[in-house]
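Colleague: I need the structure of the sequence given here:
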Amino acid sequence: MQMTTDLLIVNPCDDEEDNMAMLCCHSKKGEMFLMSRYPDEDDLEITLNDEPSTLDGVKVTLAPPLLKIEIAAGDADALNGDDVLEITFNPDMVDLDEVEETLKNILDGTGTYIRQA
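Modeller: Predicted structure coming up:
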């Protein structure tokens, strides 16, 4: 599955939401993707177009201008039948350090984060 967006909306630690870390975007086709995790939870949540799924073992690779999210084949229903979501974004529109901090917080202890130059 592929999405294109200009902006990745991130918050590494939302004080008003019990320190939840979240990454969100809206595609140019109107699709919405949200990945979030509370610091005391073992699993993270992925929401695609208002359909939430709780997952673990997620692998995320940040290689601007691409964010690649890989999930287990058995969890493919979370991404409309795909086990990979590639989000193309405009790296000039986001703070990449904040994106990286957010992804590390979301994936810490429950997934894998990779940063490629």
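
Colleague: Tell me the bridge partners for the most centrally placed residue in the chain.
Modeller: The centre of the chain sits closest to M35, judged by Cα atoms, centre = their mean, with a distance of 4.2 Å. On the basis of DSSP bridges, M35 is bridged to L23, I46.

Colleague: now the helices for this protein?
Modeller: 96-107 (DSSP state H).

Colleague: quick one, strands of this structure?
Modeller: Along the chain, the segments classed as strands by DSSP state E run 2-4, 9-14, 20-26, 32-37, 44-48, 51-55, 58-63, 66-70, 84-88, 111-115.

Colleague: which regions of the protein lie under the pLDDT threshold?
Modeller: For the chain, no stretch has pLDDT under 70.

Colleague: returning to that earlier point: could you dump the strands of the chain into JSON lines and include distance to A76?
Modeller: From N, CA and C alone the C-beta is placed, and that goes for glycine too. Output for the strands of the chain, formatted as JSON lines (distance: least, Cβ to Cβ, whole Å):
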{"stretch": "strand 2-4", "distance to A76": "15"}
{"stretch": "strand 9-14", "distance to A76": "25"}
{"stretch": "strand 20-26", "distance to A76": "20"}
{"stretch": "strand 32-37", "distance to A76": "15"}
{"stretch": "strand 44-48", "distance to A76": "11"}
{"stretch": "strand 51-55", "distance to A76": "10"}
{"stretch": "strand 58-63", "distance to A76": "12"}
{"stretch": "strand 66-70", "distance to A76": "11"}
{"stretch": "strand 84-88", "distance to A76": "9"}
{"stretch": "strand 111-115", "distance to A76": "16"}
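
Colleague: Figure out which of those is closest to E98.
Modeller: strand 9-14 (5.4 Å; Cβ to Cβ).

Colleague: thinking L55 is in contact with I46, fair?
Modeller: Yes - using Cβ atoms under 8 Å, L55 is in contact with I46, at 5.9 Å.
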